[in-house]
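Student: give the three-dimensional model of this entry:
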Amino acid sequence: MPIKQSAKKALRQAKKRTIANKIVKDAAKLAVKNVLRAITAGKDVKEVIKLAQQKLDKAAKKGVIKKQTASRKLSRLMQKINKAVK
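Tutor: Numbering: from 1, shown residues only. Just a heads-up that it's a prediction; the model follows:
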């Protein structure tokens, strides 16, 4: 456990940020899973992919995941959608 006051504060901040980051990251993961489920079920994926894009972009903006990672995940999702449509 931290001894100094500044170290205690840093620990409190880290805990808060960890929780906030986990919420954003889990939302992005869930959105990606929902797109994959919609593809396999053969449902219309327009709304689901739009939501996934928003969640991935939000996570990248907040620094939870890197910008390139969000871009790559979205690109691979779009490839799967286009492959399923054909």
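
Student: what's the distance between stretch 79-86 and the middle of its chain?
Tutor: 21 Å (CA atoms, centre = their mean, to the nearest Å).

Student: which residues touch it?
Tutor: 35-36, 39, 42, 45, 49 (CB atoms under 8 Å, 6 or more residues apart in numbering). (Each C-beta comes from the backbone N, C-alpha and C, glycine too.)

Student: which of the residues you listed are buried?
Tutor: Neighbour counting with 16 or more other CB atoms under 10 Å marks 35, 39, 45, 49 as buried within the contacts of stretch 79-86.

Student: show me the contacts of stretch 79-86 that map onto strands.
Tutor: For the contacts of stretch 79-86, not one is inside strands, with DSSP state E as the criterion.

Student: among these, which has the minimum pLDDT value?
Tutor: Least confident entry in the contacts of stretch 79-86, by pLDDT: G42, with 89.

Student: and that one, how far from A84?
Tutor: 8 Å (CB to CB, to the nearest Å).

Student: also K9?
Tutor: 50 Å.

Student: of all pairs in the contacts of stretch 79-86, which one is the farthest apart?
Tutor: Across these, the longest distance by CB to CB is 14.3 Å; it joins G42 and I49.

Student: now for the longest helix seen in the chain, which elements pack on it?
Tutor: Assignment by DSSP state H gives helix 5-41 as the longest helix of the chain. Contact analysis of helix 5-41 by 3 or more CB pairs under 8 Å, 6 or more residues apart in numbering; DSSP states H and E lists helix 46-61, helix 67-85 as its packing neighbours.

Student: many thanks, have a good one.
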